[in-house]
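1. would you be able to build a 3D model of this:
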Amino acid sequence: MLPSVLDVIAAEGLTGSVGSIGYGLAAIGPGIGIGLIFGNGVQAIARQPEAYGVIRQNMLLGFALAEALALIGFVAPFVFGT
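-> Predicted coordinates:
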């Protein structure tokens, strides 16, 4: 039977929280999402400048939701951790 990742970490004497590594990897998703939101928003404004207000409003709403997911992912291990 192969040893688990936690067994290997314990055998090597490494200490710390594996959850912080997991959060660092999980933060890539909202980062990519925010980049897509603003990139496509700027493109939409360039194509249709008269719709600036609506596009900007939807762009900021999408940013807030994507950022909220990242913050929830940051806080959840502290709230639900043992």
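2. how about the helices in this protein?
-> When assigned using DSSP state H, the helices of the chain occupy the ranges 5-12, 18-26, 28-47, 52-80.
3. got the angle for the third one vs helix 52-80?
-> Pointing back at helix 28-47 there. 170 degrees (axes from the mean of the first three to the mean of the last three CA atoms, to 10 degrees).
4. switch the helices of the chain over to TSV; also include mean neighbour count and mean pLDDT.
-> Every residue, glycine included, has its C-beta placed from N, CA and C. Below are the helices of the chain laid out as TSV (neighbours: other CB atoms under 10 Å; pLDDT from 0 to 100):
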stretch	mean neighbour count	mean pLDDT
helix 5-12	10	71
helix 18-26	12	73
helix 28-47	13	94
helix 52-80	13	88
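5. contacts only, for residue 70.
-> Shown in contact with residue 70 (CB atoms under 8 Å, 6 or more residues apart in numbering): 27, 30, 31.
6. and if we set it to 10 Å?
-> Residues counted as contacts of residue 70 (CB atoms under 10 Å, 6 or more residues apart in numbering) are 23, 26, 27, 28, 29, 30, 31, 33, 34.
7. and for residue 23?
-> 17, 70, 73, 74, 75, 76, 77.
8. and the third one, how close does it get to residue 50?
-> Meaning residue 73. From residue 73 over to residue 50 the distance is 37 Å, taken as CB to CB, to the nearest Å.
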